[in-house]
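> Got a predicted structure here, sequence first:
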Amino acid sequence: MMERLPLDRGWTKTPAWLVRWKECRHQRRNLRLHSVVIRDGCAGRRARRGRGAISVDVPATLVQTRRCAGGHAAWWLAGFVALTACVALATSVTAQVQGALAKARAAKMLVVGISGGDAPIAWMSPKDEPLGITLDLCKELIKREGIDKLDVYTMPFSSLIPALTSGRIDFACDTFFPTEKRKQLVDFTDIVFYNSETLIVKKGNPMKIHKLADLAGKSAGSYEGTVWIDWLNDLNKQGAKIGVKAYPAVTELVADVAAGRLNGGILDAVLAAYAVKQNPKLGIELVADYQPREKQANAVALVVRKDSGDLREAFNRMLATMKTDGSLDKVFERYGLVPPSFYLKP
């Protein structure tokens with residue numbers, strides 16, 4: 001609680017930001033501590049209506065001045081202390097305004113969230129090592145920004161944006177479609193890549209399938225409930241006569257294509273490429289010249305809080321540099337996503 005300064009009984013009226021101790025006839029008295037209140041940016045004024053006041057407690061012993069009979073007050077020390085407090089406040093407020101990157105630099109740690117189990121995009125290894133495309137990018141970011149550690153939290157995908165907006169994490173290091181609804185809550189980085197569909201066939205492509213129209217009179221499938229099943233059914237409405245099969249799991253789809261029980265399958269390009277990279281003997285291949293139907297609609301980006309423009313801008317700068325110098329291509333090649341241009345260009 002602030003202690004009011006008496007204006008009589010030996011006290012002299014002073015400005016609000018200054019506490020003075022009167023010592024007359026060179027007689028020392030016991031020192032008392034009071035507080036300096038710095039209001040409205042250290043101006044010594046009450047905060048304007050509608051703006052909050054910022055208070056900083058400073059011991060009066062630091063700002064006391066001696067005033068003797070016939071002497072003059074020495075104001076410079078008190079002013080210096082008040083100015084120092086003001087600068088400290090300004091520095092703190094500036095860091096807060098700068099956002100998540102400034103916070104990470106100060107803490108030497110960037111706190112990120114991923115949905116986990118989403119290879120090759122972002123997941124944790126059995127040794128608790130962060131792996132995946134987006135985590136490789138986040139690790140490169142902290143390296144370039146002089147931050148020591150990447151602290152990774154795994155959670156359901158639906159929890160990532162709430163965790164971000166509540167401050168539990170500072171960066172959602174996972175891929176999101178930048179929808180208008182999400183843009184009301186968070187900000188997006190530049191587009192990282194295009195997670196479109198691809199067409200898989202038996203290794204060697206014995207049926208010479210290169211596009212969806214080539215599936216006419218053959219069998220094809222995808223996951224249950226996907227738009228890709230709708231695409232195949234739409235082709236049938238046009239007379240394609242495709243034997244359409246919906247699968248509850250990707251493993252069953254891949255197994256049927258590899259065994260020749262299904263002539264073609266539609267699934268996520270990133271997932272399919274990584275599966276082939278991990279198991280070259282899987283018996284399937286991606287149709288190299290397949291052109292996705294809605295590639296630009298499958299653009300994905302990372303997510304930051306709306307107060308973290310500094311982090312977004314730093315990530316975008318890094319991403320642009322990596323695209324130019326070819327280091328982003330190497331990230332995709334590491335996970336079997338070749339050619340990288342298929343995923344990086346619209």
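Yep, it's here. It should be emphasised that the depicted structure is a prediction, and the values quoted were computed from it without experimental measurement.
> May I see the buried residues of the helix or strand containing M318?
Using DSSP states H and E, M318 falls within helix 309-325. For helix 309-325, burial by neighbour count (16 or more other C-beta atoms under 10 Å) applies to G309, D310, L311, R312, A314, F315, M318, L319, M322, K323. Bear in mind the C-beta positions are built from the backbone N, C-alpha and C, glycine included.
> tell me the strands in the chain, going along the chain?
With strands called from DSSP state E, the chain shows them at 109-114, 123-124, 130-131, 149-154, 171-176, 187-188, 193-194, 197-202, 219-223, 243-247, 264-268, 284-286, 299-304.
> could those go into JSON lines alongside distance to A275?
Below are these laid out as JSON lines (distance: least, C-beta to C-beta, whole Å):
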{"stretch": "strand 109-114", "distance to A275": "20"}
{"stretch": "strand 123-124", "distance to A275": "14"}
{"stretch": "strand 130-131", "distance to A275": "15"}
{"stretch": "strand 149-154", "distance to A275": "22"}
{"stretch": "strand 171-176", "distance to A275": "17"}
{"stretch": "strand 187-188", "distance to A275": "28"}
{"stretch": "strand 193-194", "distance to A275": "17"}
{"stretch": "strand 197-202", "distance to A275": "9"}
{"stretch": "strand 219-223", "distance to A275": "14"}
{"stretch": "strand 243-247", "distance to A275": "14"}
{"stretch": "strand 264-268", "distance to A275": "9"}
{"stretch": "strand 284-286", "distance to A275": "8"}
{"stretch": "strand 299-304", "distance to A275": "19"}
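> Those strands into JSON lines, with extra columns for distance to D329, mean neighbour count and mean pLDDT?
Output for the strands of the chain, formatted as JSON lines (distance: least, C-beta to C-beta, whole Å; neighbours: other C-beta atoms under 10 Å; pLDDT from 0 to 100):
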{"stretch": "strand 109-114", "distance to D329": "23", "mean neighbour count": "24", "mean pLDDT": "97"}
{"stretch": "strand 123-124", "distance to D329": "21", "mean neighbour count": "17", "mean pLDDT": "88"}
{"stretch": "strand 130-131", "distance to D329": "18", "mean neighbour count": "20", "mean pLDDT": "91"}
{"stretch": "strand 149-154", "distance to D329": "22", "mean neighbour count": "16", "mean pLDDT": "96"}
{"stretch": "strand 171-176", "distance to D329": "18", "mean neighbour count": "26", "mean pLDDT": "95"}
{"stretch": "strand 187-188", "distance to D329": "22", "mean neighbour count": "19", "mean pLDDT": "98"}
{"stretch": "strand 193-194", "distance to D329": "11", "mean neighbour count": "22", "mean pLDDT": "96"}
{"stretch": "strand 197-202", "distance to D329": "18", "mean neighbour count": "24", "mean pLDDT": "96"}
{"stretch": "strand 219-223", "distance to D329": "29", "mean neighbour count": "23", "mean pLDDT": "94"}
{"stretch": "strand 243-247", "distance to D329": "32", "mean neighbour count": "17", "mean pLDDT": "96"}
{"stretch": "strand 264-268", "distance to D329": "20", "mean neighbour count": "24", "mean pLDDT": "94"}
{"stretch": "strand 284-286", "distance to D329": "17", "mean neighbour count": "20", "mean pLDDT": "95"}
{"stretch": "strand 299-304", "distance to D329": "17", "mean neighbour count": "24", "mean pLDDT": "96"}
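> Give me the spatial nearest neighbour of R334, chain neighbours excluded.
Spatial nearest neighbour of R334, chain neighbours left out: D136 (7.5 Å); criterion: C-beta to C-beta, 6 or more residues apart in numbering.
> tell me, how many neighbours does the one you found end up with?
Residues lying near D136 (other C-beta atoms under 10 Å) number 21.
> I'd guessed it sits against V331; true?
Yes - in this structure, D136 is within contact of V331 by C-beta atoms under 8 Å, at 5.1 Å.
> just to revisit the earlier point, just the closest of the buried residues of helix 309-325 to M207, please.
Nearest to M207, judged by C-beta to C-beta, of those is K323 at 36.0 Å.
> Just the helices from the stretch 151-300 of the chain, written as ranges.
160-165, 180-183, 227-237, 250-259, 269-278 (DSSP state H, counting those that start in this stretch).
> any idea how far F332 lies from L215?
Using C-beta to C-beta, to the nearest Å, F332 is found at 27 Å from L215.
> Domain-wise, how is this structure divided?
In terms of domains, the chain is parsed into 1-98, 102-193+299-344, 197-293 (source: automatic domain parsing).
> Run the chain-centre distance for the last one.
In other words, domain 197-293. Centroid displacement of domain 197-293 relative to its chain, using C-alpha atoms, centre = their mean, to the nearest Å, is 34 Å.
> Then stretch 292-302?
Relative to the centre of its chain, stretch 292-302 is centred 19 Å away, using C-alpha atoms, centre = their mean.
> how long is that stretch from one end to the other?
This stretch, stretch 292-302, spans 22 Å end to end (C-alpha to C-alpha, to the nearest Å).
> Mind listing residues that contact that stretch?
Applying C-beta atoms under 8 Å, 6 or more residues apart in numbering, the contact partners of stretch 292-302 are 134, 137, 171-178, 188-198, 212, 231, 269, 315, 346.
> Swap in 7 Å and give it another go.
134, 171-173, 175-178, 188-197, 315, 346 (C-beta atoms under 7 Å, 6 or more residues apart in numbering).
> from memory I200 sits against A272, does it?
Yes - using C-beta atoms under 7 Å, I200 makes contact with A272 at a distance of 5.5 Å.
> got any residues that touch both of the two?
Counting by C-beta under 7 Å, 6+ apart, the common neighbours of I200 and A272 are L286.
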